[in-house]
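Engineer: My questions are about this predicted structure, shown below with the sequence.
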Amino acid sequence: MTAAIKVTGLNKNFGRKKVLQSLHFTVPPDTIAGFLGPNGAGKTTTLRILLGLIPSYQGNLEMLGCNIPAQRVSALEQIGAVVENPTFIETMSAYENLYWFGSLYKTLLPARINEVIEMVGLKDATNQRFGTFSTGMKQRLGVAFGILHKPRLLILDEPTSGMDPAGRVHMREILRRIHDEEKTSIFLSSHLLDEVQRLCNYVVIIDKGVTVSEGFVADLLASTLEKWELRLVDEEIDRARGLISRLEKNISVSNLPRGLLLAMPAGLSAQVNSELVRAGIKVNALIPHEASLEETFIKLTSDSGDKGGSA
């Protein structure tokens with residue numbers, strides 16, 4: 001199937017500063033994909049290039065099978081986007097703003113405006129002035145405008161920025177619904193890694209303008225070292241640490257309140273447990289420690305820095 005987004009060898013400089021360096025990634029169709037990276041990694045620049053807001057760059061881009069820039073107009077007709085804080089006319093209502101700005105779409109029907117307002121949870125605010133909206137309501141109206149023309153791809157830059165926890169949960173539910181009911185692929189940037197892990201099934205991670213990793217979230221988490229919580233009585237902790245360090249099995253050890261946290265290659269937990277028991281060390285429990293996207297992100301971006309990534 002045709003990729004939602006395909007980026008190959010993307011380069012962008014601002015003066016002498018290299019912002020993107022041979023950036024490459026592919027977003028599969030029918031995914032909710034997260035675009036991750038530290039501040040200054042090049043995420044917003046990449047999104048703005050994809051949407052034609054930065055016209056000068058080097059590299060090859062495709063969106064929904066359309067070559068960019070040759071077929072940009074055809075691509076953008078199938079794409080919705082919110083790349084900055086949504087700005088509408090403050091004295092107009094939610095409905096009036098969508099009708100006014102939606103007039104750009106020749107086939108817009110009033111019924112569709114009501115449909116997207118309901119979909120983003122603003123039905124009760126249909127006739128409320130935009131100037132009275134909270135941050136979360138403004139973001140949701142931006143998303144409503146982004147899906148007004150039933151796009152195949154929705155691109156969002158920090159869609160939960162400035163929201164409280166309840167607002168972020170609501171936005172996650174809205175985006176899942178858009179993906180499931182509208183059959184829309186979603187590509188969103190965010191610095192909230194736990195939010196991305198809860199929402200996205202695919203991620204692209206960049207650092208210093210280069211691709212660090214990409215793939216399905218489950219695969220990335222599985223590829224990292226397994227972590228196990230080893231629970232012991234206090235007097236056994238030093239003995240256990242010493243024994244594990246002598247195993248020479250690429251196991252890192254850190255302290256926990258009731259034992260040790262072990263990070264090790266997959267499949268070693270049973271052997272470690274056997275060695276501890278054989279040495280007479282009483283193991284109260286050896287419990288799997290669920291991997292998080294945050295831990296994977298920190299490891300990958302730290303590794304890219306250690307390898308002398310670009311500035």
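Structural biologist: Great, that's in hand.
Engineer: drop to CA atoms for contacts and neighbour counts, all remaining ones
Structural biologist: Fine.
Engineer: Hmm, residue 186 is touching residue 151, no?
Structural biologist: No. The criterion here is Cα atoms under 8 Å, and residue 186 misses it with residue 151 at 10.0 Å.
Engineer: Comparing those two, which shows the higher neighbour count?
Structural biologist: residue 186 (26 against 19; other Cα atoms under 10 Å).
Engineer: what's the lowest-mean-pLDDT helix or strand in the chain packed up against?
Structural biologist: Using mean pLDDT, DSSP states H and E, helix 293-306 stands out as the lowest-scoring helix or strand of the chain, at a mean of 69. Helix 293-306 sits against helix 193-199, strand 202-207, strand 210-216, helix 217-223, with contacts defined as 3 or more Cα pairs under 8 Å, 6 or more residues apart in numbering; DSSP states H and E.
Engineer: Look up how far residue 178 lies from the residue located most distally from the centre of the chain.
Structural biologist: What lies farthest from the middle of the chain is residue 280; by Cα atoms, centre = their mean that is 45.7 Å. Remark: distance between residue 280 and residue 178 (Cα to Cα, to the nearest Å) = 56 Å.
Engineer: Okay, helices next: where are they in the chain?
Structural biologist: With DSSP state H, the ranges of helices along the chain come out as 43-50, 72-76, 94-102, 110-119, 135-146, 165-182, 193-199, 217-223, 237-246, 269-278, 293-306.
Engineer: Same list, these, but as JSON lines with distance to residue 129 and mean neighbour count please.
Structural biologist: JSON lines is the format used below for the helices of the chain (distance: least, Cα to Cα, whole Å; neighbours: other Cα atoms under 10 Å):
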{"stretch": "helix 43-50", "distance to residue 129": "29", "mean neighbour count": "19"}
{"stretch": "helix 72-76", "distance to residue 129": "29", "mean neighbour count": "17"}
{"stretch": "helix 94-102", "distance to residue 129": "7", "mean neighbour count": "20"}
{"stretch": "helix 110-119", "distance to residue 129": "14", "mean neighbour count": "17"}
{"stretch": "helix 135-146", "distance to residue 129": "11", "mean neighbour count": "23"}
{"stretch": "helix 165-182", "distance to residue 129": "20", "mean neighbour count": "16"}
{"stretch": "helix 193-199", "distance to residue 129": "29", "mean neighbour count": "17"}
{"stretch": "helix 217-223", "distance to residue 129": "40", "mean neighbour count": "15"}
{"stretch": "helix 237-246", "distance to residue 129": "62", "mean neighbour count": "15"}
{"stretch": "helix 269-278", "distance to residue 129": "59", "mean neighbour count": "14"}
{"stretch": "helix 293-306", "distance to residue 129": "38", "mean neighbour count": "16"}
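Engineer: Could you name the stretch from those helices that's closest to residue 128?
Structural biologist: helix 94-102 (6.3 Å; Cα to Cα).
Engineer: From the rest of the structure, what touches that closest one?
Structural biologist: 88-89, 108, 110, 113-114, 117, 125-130, 141, 145, 148 (Cα atoms under 8 Å, 6 or more residues apart in numbering).
Engineer: go on, stretch 244-262?
Structural biologist: Here stretch 244-262 has contacts from 227-234, 237, 241, 263-265, 272, using Cα under 8 Å, 6+ apart.
Engineer: Most neighbours of all those, which one?
Structural biologist: residue 230 (24 neighbours).
Engineer: Could you pull up the contacting residues of that residue?
Structural biologist: 259, 260, 261, 262, 283, 284, 285, 286, 287.
Engineer: Spatially, which two of those residues are the most separated?
Structural biologist: 262 and 284 (14.8 Å).
Engineer: Tell me which of these two has more neighbours.
Structural biologist: residue 262 (25 against 12).
Engineer: That one and residue 249, how far apart?
Structural biologist: 11 Å.
Engineer: and if you look at residue 206?
Structural biologist: Taken as Cα to Cα, the span from residue 206 to residue 249 is 30 Å.
Engineer: neighbour-wise, which of those two wins?
Structural biologist: A direct count of neighbours by other Cα under 10 Å for residue 206 and residue 249 places residue 206 higher, at 26 against 12.
Engineer: Okay, and the beta partners of the more buried one?
Structural biologist: Legend: beta-bridge partners of residue 206 under DSSP bridges are residue 211.
Engineer: which ones are touching it?
Structural biologist: With Cα under 8 Å, 6+ apart, residue 206 has these contacts: 35, 36, 37, 38, 41, 42, 43, 212, 213, 301.
Engineer: In this model residue 209 seems to touch the fifth one, though I could be wrong.
Structural biologist: Yes. Using Cα under 8 Å, residue 41 and residue 209 qualify as a contacting pair, with a distance of 5.4 Å.
Engineer: Can you pull the residues that touch both of the two?
Structural biologist: In contact with both residue 41 and residue 209: residue 19, using Cα under 8 Å, 6+ apart.
Engineer: Who has more neighbours out of these two?
Structural biologist: Neighbour count, other Cα under 10 Å: between residue 41 and residue 209, residue 209 has more, with 26 against 20.
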